[in-house]
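In: Sequence and predicted model, in that order:
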Amino acid sequence: ESYRPKLELEECTPLQPTNTDQERKDALPETESLWYMGQSREHRHLLKHPVITSFLWFKWERMRPYFNRNLRLYLLFVFISTWYIFNNFGGFQQKQNIRDSFYGMYIALFVFTLGLMVKDWVRGLRGLRMMPDDTGMYSTVHEQDTHKMLISKMSSNLLDFIQLGGMIGLFFIQPQHLYIPLIVLLSILFVREVLQLMVSMKRYILSLENWIEVIMIVLLTVIIATEDNENFMINRHLGAIALVLSWSELITMVGRHPKLLHFNIYVTMFYKVLNSFFLFLLWYSMFIVAFGLGFYIMLHTDTETDVSGLEENEQNPLFNRTWLSLVKTSAMFVGELEFSDLPINSSTYLGMVAYGYFLSFVFLIVVVLMNLLNGLAVSDTSDIKAKAEIYSYISRVETISYMESTLLGDPFDFLSNVPSFLKNIPSMSFFRQCYRSESLRQVFTKLGAKELLIFYNVLKDKEYSFQPNRRSNLCSLTADQLGLEIILSAKDILTRRRNAGEDEETEVNQLKARVKELENMHAKLDLLIKRK
């Protein structure tokens, strides 16, 4: 129970102005230095250090309500949009089955969302019972202060209560009126996108994820605005595209949750391989285009007279259009060769030429290029698996640093660093211009520093002590709250130091024993000399 690690977080503190009066006024981001560390291949391994991981845990605990609230809202949006699309385009005969199935799934979603909210509320209320003292230890606060903090915590969860009330109202809405909550959610997402655009226009425009969200919002808006029989077919196709985009964004958001280590790694693998494949195929796709055009010229039957010598059932219309030939060749690239469907007349000597052309495609594209792509994917995933823990911390740092800079007005112009190859171009941030104003800077400080920053109003002494082996939760944090990996890392360091001390003590005892043996031998030699 006396085991008490002490974490000194001085190195994670952002540089403050030298003026003492300004030191507590300026709320500065605290994770930008870790972001630069994560971008350096030579230094990113330092993110595994227990001091840094504990600091990231502190930061995550401060930002957890914002991240979880955004995730719960988007989860509700994906469900409502999927329900709306299935209700309108899911088929007439299955309409009742769709209605019953989605009602049952919505009940499960409501219970799941309520459980997540209660979990966040309990963790927030548990934190109200403890505040750090001058030594960095957490101790219980006075009852009067607890009431004030409880009121503040309840007001900060107002958005959760609004969402919960809206979800309760959805139990009484008819499926044909699902466009009403969908419009409300689309409006909220639109406001969120506008805020992100104001934070950094450059980063927003150059982000694929933001373009996916914009396209999804536009598609659903078009579907709702043109909901009639005349546009039914085009809306079906737009709905299918919107469905894939919304679910893709949800998978990415869930995978980036700092607590979901394995999903975090999987998302990192996916985007790493996607980026490698895109750059690779950007060049080698010309091979596929060339073969596709060659197949069209060689096999199409769109001529004045039929010169192919094939029966009508042996011809393949997919090679009669240029773009269809390219699509067919792309499908053949991934293995859908369908050798028997190729419209080749093997009764002439030109059939041997066509088969030779086809076999060269199989060897160069299907065998060589596909295996090269597989090797590239294996190489990327192996690298990520070998450095899985580091990549998870890098993803956590990126998520926290972006949210922190967004809510603090980006005082260091941090958001201009993404993407890295355009870091010399200004971020074009409206919030950063607002940050230049002293009055608006105070607004950013009140909005962001109160809940997000650690050194600004919580750990002002830049150090923290805890006693994980105590059973009482009143004056110390447990291993589950602090993070088991941090406790184990601190324990590993302590064990190594203790083993090193034991080894040194063993060596000293061995040296003492040898010295004693030498002294005994010296005494015996003295006796022999005296006898002679």
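Out: Done, it's in.

In: Check the gap between residue 203 and residue 46 for me.
Out: To residue 46, residue 203 is 26 Å away according to Cβ to Cβ, to the nearest Å. Where C-beta positions appear, they are placed from N, C-alpha and C, glycine not excepted.

In: Look at the two and report which has more neighbours.
Out: residue 203 (23 against 15; other Cβ atoms under 10 Å).

In: In CSV, could you pull the C-alpha coordinates for the helix or strand hosting that one?
Out: Assigning secondary structure by DSSP states H and E places residue 203 in helix 201-205. Output of helix 201-205 as CSV, limited to C-alpha atoms (Å, rounded to 0.1, in the frame of the first residue of the first chain):
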residue,chain,number,x,y,z
MET,A,201,-9.5,26.2,-44.2
LYS,A,202,-6.4,24.7,-45.6
ARG,A,203,-6.6,21.5,-43.4
TYR,A,204,-10.4,21.2,-44.1
ILE,A,205,-10.0,21.5,-47.9
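
In: just the helices in the stretch 251-400 of the chain please.
Out: Counting by DSSP state H, counting those that start in this stretch, the stretch 251-400 of the chain has helices at residues 261-299, 322-333, 349-361, 370-386, 388-408.

In: The second one to helix 349-361, inter-axis angle?
Out: Read that as helix 322-333. With axes from the mean of the first three to the mean of the last three Cα atoms, to 10 degrees applied, the angle from helix 322-333 to helix 349-361 works out at 60 degrees.

In: And the contacts of helix 322-333?
Out: 288-289, 291-293, 295-296, 299-300, 317-319, 338, 361, 365-366, 369-370 (Cβ atoms under 8 Å, 6 or more residues apart in numbering).

In: From those residues, keep the buried residues only.
Out: For the contacts of helix 322-333, a burial check counting by 16 or more other Cβ atoms under 10 Å picks out 288, 291, 292, 295, 296, 299, 300, 318, 319, 361, 365, 369.

In: which residues sit in contact with the fifth one?
Out: What it means is residue 296. Taking Cβ under 8 Å, 6+ apart, one finds 319, 321, 322, 325, 326 in contact with residue 296.

In: make it 6 Å
Out: 319, 322, 325 (Cβ atoms under 6 Å, 6 or more residues apart in numbering).

In: Tell me which helix or strand residue 509 sits in.
Out: Counting by DSSP H and E, residue 509 is found in helix 484-531.

In: again, but for residue 99
Out: Per DSSP H and E: helix 95-128 holds residue 99.

In: buried residues in that helix?
Out: Here helix 95-128 shows 99, 102, 106, 109, 110, 113, 116, 117, 120, 124, 127, 128 as buried, counting by 16+ other Cβ under 10 Å.

In: Just give the nearest non-adjacent residue to residue 263, would you?
Out: residue 255 (4.3 Å; Cβ to Cβ, 6 or more residues apart in numbering).

In: residues near the residue nearest to residue 295 when sequence neighbours are not counted, how many?
Out: Take residue 295 and drop its neighbours on the chain: the residue closest to it by Cβ to Cβ, 6+ apart is residue 325, 5.3 Å away. By other Cβ under 10 Å, the residues close to residue 325 number 23.

In: how close does residue 325 get to residue 425?
Out: Distance from residue 325 to residue 425, by Cβ to Cβ: 41 Å.

In: Same question for residue 338.
Out: In terms of Cβ to Cβ, residue 338 sits 49 Å off from residue 425.

In: same thing with residue 332?
Out: For residue 332 relative to residue 425 (Cβ to Cβ), the value is 42 Å.

In: Which one's more surrounded, the two?
Out: Neighbours per residue, other Cβ under 10 Å: of residue 332 and residue 425, the larger number sits with residue 332, 22 against 11.

In: How far off centre is stretch 211-227?
Out: With Cα atoms, centre = their mean, to the nearest Å as the basis, stretch 211-227 stands 24 Å off its chain's centre.

In: Repeat that for stretch 59-78.
Out: 12 Å.

In: buried residues in that stretch?
Out: 59-69, 71-78.

In: In the stretch 51-200 of the chain, where is pLDDT below threshold?
Out: 126-155 (pLDDT under 70).

In: Contacts only, for residue 319.
Out: 295, 296, 299, 300, 325.

In: Please identify which of these is nearest to residue 186.
Out: Nearest to residue 186, judged by Cβ to Cβ, of those is residue 325 at 39.7 Å.

In: ok, now how distant is that closest one from residue 367?
Out: 21 Å.

In: And for residue 245?
Out: Residue 245 is 34 Å from residue 367, by Cβ to Cβ.

In: Near residue 349, how many other residues are there?
Out: 7.

In: I'd guessed residue 59 sits against residue 400; true?
Out: Yes. The pair residue 59 / residue 400 is scored as a contact, 5.0 Å apart, by Cβ atoms under 6 Å.

In: re earlier: nearest to residue 87, out of the buried ones among the contacts of helix 322-333: which one, please.
Out: Of the buried ones among the contacts of helix 322-333, the one sitting nearest to residue 87 (Cβ to Cβ) turns out to be residue 318, at 35.3 Å.

In: List the contacts of the closest one.
Out: Shown in contact with residue 318 (Cβ under 6 Å, 6+ apart): 324, 328.

In: picking that back up, my read is that the residue nearest to residue 263 contacts residue 268, right?
Out: No. Taking contacts as Cβ under 6 Å, residue 255 lies outside contact range of residue 268: 8.0 Å.

In: any idea how far residue 258 is from the closest residue to residue 405 other than its chain neighbours?
Out: In space, and not counting its chain neighbours, residue 405 is closest to residue 414: 4.8 Å by Cβ to Cβ, 6+ apart. Going from residue 414 to residue 258 by Cβ to Cβ gives 19 Å.

In: okay, these two: which has more neighbours?
Out: residue 414 (24 against 20).

In: Please tell me the pLDDT value assigned to the more buried one.
Out: For residue 414, the pLDDT comes out at 70.

In: Please apply the same query to residue 476.
Out: For residue 476, the model assigns a pLDDT of 38.

In: same question, residue 287
Out: Taking residue 287 on its own, its pLDDT is 89.

In: what about residue 29, which SS state?
Out: What DSSP: H, G, I helix; E, B strand; the rest coil gives for residue 29 is coil.

In: Phi and psi next, for it.
Out: For residue 29, the backbone dihedrals (degrees, to the nearest 10) come out as phi -60, psi 150.

In: And residue 453, by the same measure?
Out: phi -80, psi 150.

In: burial of it, as a residue count?
Out: Neighbours of residue 453 (other Cβ under 10 Å): 22.

In: Can you tell me how far it is from residue 395?
Out: Residue 453 is 21 Å from residue 395, by Cβ to Cβ.

In: what's the answer for residue 294, then?
Out: Residue 294 is 44 Å from residue 395, by Cβ to Cβ.

In: Who has more neighbours out of the two?
Out: Ranked by neighbour count (other Cβ under 10 Å), residue 294 and residue 395 place residue 395 first, with 20 against 16.

In: wouldn't that one be in contact with residue 266 here?
Out: No. Applying Cβ under 6 Å as the test, residue 395 and residue 266 come out as separate, 11.1 Å apart.

In: For the helix or strand containing residue 198, which helices and strands make contact with it?
Out: Secondary structure assignment for residue 198, by DSSP H and E: helix 179-199. Contacting helix 179-199 under the criterion 3 or more Cβ pairs under 6 Å, 6 or more residues apart in numbering; DSSP states H and E are the following elements: helix 50-89, helix 208-225, helix 430-435.
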